[in-house]
Structure formats: C-alpha cells, structure tokens
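Next come a sequence and a model predicted from it.
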Amino acid sequence: MKSLAKKLQRLARKTHMSSSMRSSSVPPGFLPVYVGKEGHRFVVDVNFLSHPLFEELLELSAEELGYSHKGGLRVACNIRIFEYLLSLLNSRNPSAHYLQITDLLNQFSG
C-alpha cells in the first residue's frame, strides 16, 4: 500500500499529469478524490496519501472497489467520515498518528 501512495504522490506532483487528473481547480500538490457511492469530489493534499489513516482507508477501498478506476482516485467511505479524516489531517494533530481506521469508523457507527 505504501508504494501505491508514493506512486500517487509522484503522479500528482508531475507537471505532465493526464488531462483526466489535471484541472484548474486542482492546485499543484493536490489530487482529486471521489468519495462514496455519490462520488463526492474532494481536493486532497498529496502528502495525506502517506498518512497511516489514509493508507488504511485506501487499502479498505481497494478491497471493496478494486484498484482499477478511470478518472481519479476513488474511496469507498461515508462522506462524513472522510470529512472528519481530512479535518484530523489538516489539524496536524499528533493523536491522528495513533488512530487506526477502525477507531475512526467506530466513532461514526451506532
């Protein structure tokens, strides 16, 4: 999984990104991510791809959706959970490094 995250980071940093990944609304160093069944679009810092929580989420998504998708990175996740994950990563809260994806998912179940 780490190699997938690193490949995606390199891809997003390249100036010669494919036209399906490049957009005027996606600044350099960011990547479009489509979340949930609705395919809600988020613009995510590529550095988040190597965070352990994000890597776990990508792994779970790959199990559910597979690895082959056209038009961007797809994540099988509830939008509210993904928004919370992004808020944790944006806050740079060190406690986020000690969470596991199951802990995060359990916060939203019930």
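That came in fine, so what should we check first?

Give the rounded mean pLDDT of the helix or strand containing Glu55.
Using DSSP states H and E, Glu55 maps to helix 52-65. If you average the pLDDT over helix 52-65, you get 84.

What are the buried residues along it?
Of the residues in helix 52-65, Leu53, Phe54, Glu55, Glu56, Leu57, Leu58, Leu60, Ser61, Ala62 count as buried by neighbour count, 16 or more other Cβ atoms under 10 Å. Backbone N, C-alpha and C define where each C-beta goes, glycine included.

quick check, nearest of these to Ile81?
Leu57 (8.6 Å; Cβ to Cβ).

who's in contact with the residue nearest to the closest one when sequence neighbours are not counted?
Once flanking residues are discounted, Leu57 sits nearest to Ile101: 5.6 Å by Cβ to Cβ, 6 or more residues apart in numbering. Contact analysis of Ile101 by Cβ atoms under 8 Å, 6 or more residues apart in numbering lists Leu53, Glu56, Leu57, Leu60.

I appreciate the help and will end here.
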